[in-house]
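A.B. asks: how would this look folded up:
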Amino acid sequence: MDLNLLSTFNAVYRHRSITLASEELGLTQPAVSAALKRLEAVVGKALFVRSGRGIAPTGAAVSLADKIETPLAILETIEKKQEITKVYCAESLMHLVCDLPGLSFIEAPLSESQILADIDSQKVHLAIDFATSKSQSHIVEDIFNEPAVCVCRKDHPEIGDSLSYEQYFEMGHIALKIRRNQVNMMDFLAEKPITSRNIKAETGSVSSMLSLTATTNLLGASTLSLANHMAPMLNLKVFDIPLELRNVHYRMIYHRRFINDTDHQHVRDTLRSVIQNNQYQ
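C.D. replies: Below is the predicted model:
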């Protein structure tokens with residue numbers, strides 16, 4: 001049997017969509033449909049049926065998927081041993097790891113669901129982010145945690161050597177578009193509901209936020225390690241945020257298929273060591 005047929009079937013089975021499977025595989029939709037028909041001819045049973053606007057697996061498809069999942073995962077792992085490992089990385093940690101050899105770092109998407117989908121499709125091999133997953137297909141490891149802090153420019157006309165609760169809410173703020181658990185980052189970290197801030201600007205990048213903070217009277221926010229790294233270059237002052245906030249918890253997320261892969265494990269160990277040894281630099 002042509003193993004490509006099984007890979008195509010597996011993609012359709014995971015996505016429940018010929019369109020999404022074709023995008024992942026880099027094939028046309030007719031090519032994917034044709035491959036499914038060839039496989040159905042081999043097994044002698046229908047594998048998918050129409051369900052609403054999409055498709056649903058038959059009992060034969062579920063049985064086949066269970067049988068081929070582990071062998072396919074092993075074969076895919078072997079194929080990827082020669083590839084450069086691609087890593088989604090939270091922007092706030094990029095400066096610690098991007099010089100490591102043999103690795104290619106991509107800023108993690110704004111959407112948590114996109115991160116997990118790209119891990120499943122092997123667009124990336126792992127992610128380092130404050131996202132998490134409850135899926136049995138994913139391994140989630142805590143790496144370290146650090147506080148979020150507030151930043152403003154050194155010559156700010158209204159803020160001296162400290163930042164009060166009242167000042168924090170009187171000032172204009174720059175907010176991040178990043179969302180985790182379907183909420184913005186400040187609400188995500190808050191121990192209890194917080195008063196609405198005066199949001200004057202919104203950006204999807206912490207670096208953009210810090211640059212705006214350095215050239216305006218707006219307040220920005222960052223993790224402690226990135227603030228300490230960037231403050232001297234951008235002439236920023238760093239303050240504790242006068243709110244009850246949880247620390248930012250960074251996690252390493254990867255697909256279960258790689259749990260015993262020695263090359264992947266070496267990458268995980270290297271990343272974990274570099275980040276933990278340099279987290280506040």
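A.B. asks: who's in contact with residue 5?
C.D. replies: 35, 38, 39, 42 (CB atoms under 8 Å, 6 or more residues apart in numbering). To be clear about C-beta, it is placed using only N, CA and C from the backbone, and glycine gets the same treatment.
A.B. asks: assign the third one to helix, strand or coil.
C.D. replies: When you say that, I think you mean residue 39. Following DSSP: H, G, I helix; E, B strand; the rest coil, we place residue 39 in the helix state.
A.B. asks: distance of the closest residue to it other than its chain neighbours from residue 104?
C.D. replies: In this structure, residue 39 finds its nearest non-sequential neighbour in residue 5, 4.5 Å apart by CB to CB, 6 or more residues apart in numbering. Plainly put, residue 5 is 30 Å away from residue 104 if you go by CB to CB, to the nearest Å.
A.B. asks: who touches residue 4 in this structure?
C.D. replies: With CB under 8 Å, 6+ apart, residue 4 has these contacts: residue 35.
A.B. asks: that one: what secondary structure?
C.D. replies: Strictly by three-state DSSP, residue 4 counts as helix.
A.B. asks: just residue 140 next, same as before
C.D. replies: Assigned with three-state DSSP, residue 140 falls in the strand class.
A.B. asks: who touches it in this structure?
C.D. replies: Here residue 140 is in contact with 132, 133, 251, 252, 253 (CB under 8 Å, 6+ apart).
A.B. asks: which one of those residues sits closest to residue 69?
C.D. replies: Of all those, residue 133 has the smallest distance to residue 69: 18.0 Å, by CB to CB.
A.B. asks: would you say the closest one is within a helix?
C.D. replies: No - in this structure, residue 133 is coil, not part of a helix, as judged by three-state DSSP.
A.B. asks: and the strands in the protein?
C.D. replies: 48-51, 54-57, 85-89, 103-107, 126-129, 138-146, 148-153, 172-176, 179-180, 183-184, 198-203, 220-223, 236-240, 248-255 (DSSP state E).
A.B. asks: okay, residue 184: pLDDT?
C.D. replies: We have a pLDDT of 66 for residue 184.
A.B. asks: please read the previous query as pertaining to residue 192.
C.D. replies: 82.
A.B. asks: which regions of this structure lie under the pLDDT threshold?
C.D. replies: 1-2, 74-83, 178-184, 279-281 (pLDDT under 70).
A.B. asks: what ranges does it have for its helices?
C.D. replies: Assigned by DSSP state H, the chain shows helices spanning 3-15, 18-25, 29-43, 59-79, 94-97, 112-120, 165-170, 185-189, 206-215, 224-234, 262-278.
A.B. asks: any chance of these in JSON lines, plus distance to residue 126?
C.D. replies: Below are the helices of the chain laid out as JSON lines (distance: least, CB to CB, whole Å):
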{"stretch": "helix 3-15", "distance to residue 126": "18"}
{"stretch": "helix 18-25", "distance to residue 126": "18"}
{"stretch": "helix 29-43", "distance to residue 126": "27"}
{"stretch": "helix 59-79", "distance to residue 126": "13"}
{"stretch": "helix 94-97", "distance to residue 126": "12"}
{"stretch": "helix 112-120", "distance to residue 126": "7"}
{"stretch": "helix 165-170", "distance to residue 126": "36"}
{"stretch": "helix 185-189", "distance to residue 126": "22"}
{"stretch": "helix 206-215", "distance to residue 126": "21"}
{"stretch": "helix 224-234", "distance to residue 126": "20"}
{"stretch": "helix 262-278", "distance to residue 126": "7"}
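A.B. asks: can you say which of those is nearest to residue 195?
C.D. replies: Closest among the helices of the chain, using CB to CB: helix 165-170, at 5.9 Å.
A.B. asks: from the chain's centroid, how far away is that closest one?
C.D. replies: Computed by CA atoms, centre = their mean, to the nearest Å, the chain-centroid distance of helix 165-170 equals 32 Å.
A.B. asks: elements contacting that helix?
C.D. replies: Using 3 or more CB pairs under 8 Å, 6 or more residues apart in numbering; DSSP states H and E, no helix or strand is in contact with helix 165-170.
A.B. asks: burial check on the residue lying closest to residue 94 once chain neighbours are set aside, number of neighbours?
C.D. replies: For residue 94, ignoring the flanking residues on the chain, the nearest one in space by CB to CB, 6+ apart is residue 105 at 6.2 Å. Neighbour count for residue 105, taken as other CB atoms under 10 Å: 19.
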